[in-house]
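> sharing a model that was predicted from the sequence below.
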Amino acid sequence: MAKAITRPIERVLKLEKWAPTAETYVTIRQATQDARAKLYEVYDGATQVVGDDGRVQEWKLSFRREKAKEVATRLTLVDCNIPDPDGHPLFRFKVATTGRPILDMTPPQFAEAWGQLPPELADEIYQKVLEVNPQWGPEGEG
């Protein structure tokens, strides 16, 4: 029998820096190949670094860092309890037909909500994305 794929892991992570005494959290899902491909659309290009022997030694990718943070979060955020200034949920979610939570916002809607965050909160959320998806961090493949 063939080996089945597993469901992506999901982790509920408290935002300790933003709200050390509150129960503010995000739930981040492990990225799938689809998420990876969508994130790579943010990259502006790739450059090969070729050694004296003619072999590719490394790839250098250029991308818009803040846009990449936004997209990576949009692709993996499946729940959070951050309110907007009026006390309403900043991000919307729903339960998919699979029974799993998913983001219920278009990319422009998410970008508008993400843009309301203070930079230090956006950075902390993105760090949580990297905890679950370390391949997107500085030590990962990109």
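Nice, I can see it. Residues are numbered from 1 along each chain as shown.
> for the helix or strand residue 126 falls within, packing partners?
Per DSSP states H and E, residue 126 falls inside helix 119-132. Helices and strands touching helix 119-132, by 3 or more CB pairs under 8 Å, 6 or more residues apart in numbering; DSSP states H and E, are strand 10-14, strand 25-29, helix 65-76, strand 77-80. (Each C-beta comes from the backbone N, C-alpha and C, glycine too.)
> list the buried residues of the longest one.
Meaning helix 65-76. For helix 65-76, a neighbour-count test (16 or more other CB atoms under 10 Å) marks 68-76 as buried.
> cool, and the first one?
By 16+ other CB under 10 Å, the buried positions in strand 10-14 come out as residue 13.
> how far does the helix holding residue 126 sit from its chain's centre?
Averaging C-alpha positions (CA atoms, centre = their mean, to the nearest Å) puts helix 119-132 8 Å from its chain's average.
> how much does that helix deviate in direction from helix 65-76?
Orientation of helix 119-132 against helix 65-76 (axes from the mean of the first three to the mean of the last three CA atoms, to 10 degrees) gives an angle of 60 degrees.
> okay if I get the helices and strands packed on helix 119-132 as TSV plus distance to residue 49?
Output for those, formatted as TSV (distance: least, CB to CB, whole Å):
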stretch	distance to residue 49
strand 10-14	35
strand 25-29	32
helix 65-76	20
strand 77-80	34
